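1. structure of the sequence below:
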Amino acid sequence: METVTTIAIEPNHIDELGHVNNTFYVAYLEQARGDWYERAGISFSQMNERGIGTVLVRLDIQFKKELLLEDRPTVHTIPHRLGNKSFVFRQVMYNQRKEVVAEAAVTNVMFDVKQRKSIPVAEEIRKFFPKTEE
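-> Numbering: from 1, shown residues only. Model prediction:
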């Protein structure tokens, strides 16, 4: 299941060079993953109620174009690879002209909050990922 999230750029996201600061790209990607979980039927709050969560363990971003205050970016979040306790999203950020602004591979680990350790990926997440060959 691919999701598309529209991002609102705010004036405080703009740095001294007149474009969106790189730290906000990370926040935009996180917002889009939150939307993905919500649409998958297991929001951050639902995970919290169950005592589970996801931990970001690797974030690889390639910045391709700058974003300006007047831009209207979207983030496409695509399930890419599934392990037993980890999973990888591919995320692509576009501007309103459909130009790729940034691409990211985001590795997450499913996490038991009480025991503070990794656990198998929840079925609500697992079912949306491509099947891997055994």
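2. mind listing what's buried along stretch 109-128?
-> 109-111, 119, 121-122, 125-126, 128 (16 or more other C-beta atoms under 10 Å). For glycine as for every other residue, the C-beta is placed from the backbone atoms N, C-alpha and C.
3. now stretch 37-57
-> Neighbour counts over stretch 37-57 (16+ other C-beta under 10 Å) mark 37, 40, 42, 47, 52-54 as buried.
4. may I have the distance across it, first residue to last?
-> With C-alpha to C-alpha, to the nearest Å applied, stretch 37-57 spans 17 Å between its terminal residues.
5. residues in contact with it?
-> Residues outside stretch 37-57 that contact it (C-beta atoms under 8 Å, 6 or more residues apart in numbering) are 1, 3, 34, 86, 106-114, 118-119, 122, 124-125, 128.
6. picking that back up, let me have the buried residues of stretch 37-57 in CSV, adding distance to residue 25 and pLDDT as columns.
-> Output for these, formatted as CSV (distance: C-beta to C-beta, whole Å; pLDDT from 0 to 100):
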residue, distance to residue 25, pLDDT
37, 19, 97
40, 23, 95
42, 25, 94
47, 24, 95
52, 27, 97
53, 22, 96
54, 19, 97
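7. give me the subset of these lying in strands.
-> Mapping the buried residues of stretch 37-57 onto strands (DSSP state E) picks out 52-54.
8. list the buried residues in the lengthiest helix in the chain.
-> Counting residues, the longest helix in the chain under DSSP state H turns out to be helix 22-40. The neighbour-count check on helix 22-40 (16+ other C-beta under 10 Å) flags 24-26, 28-29, 31-33, 35-37, 40 as buried.
9. which member of those residues is positioned nearest residue 74?
-> Nearest to residue 74 among the buried residues of helix 22-40: residue 32, at 8.6 Å, using C-beta to C-beta.
10. wait, isn't that closest one in contact with residue 78?
-> No. Between residue 32 and residue 78 there is no contact under C-beta atoms under 8 Å: 10.4 Å.
11. many thanks, I have nothing further to ask.
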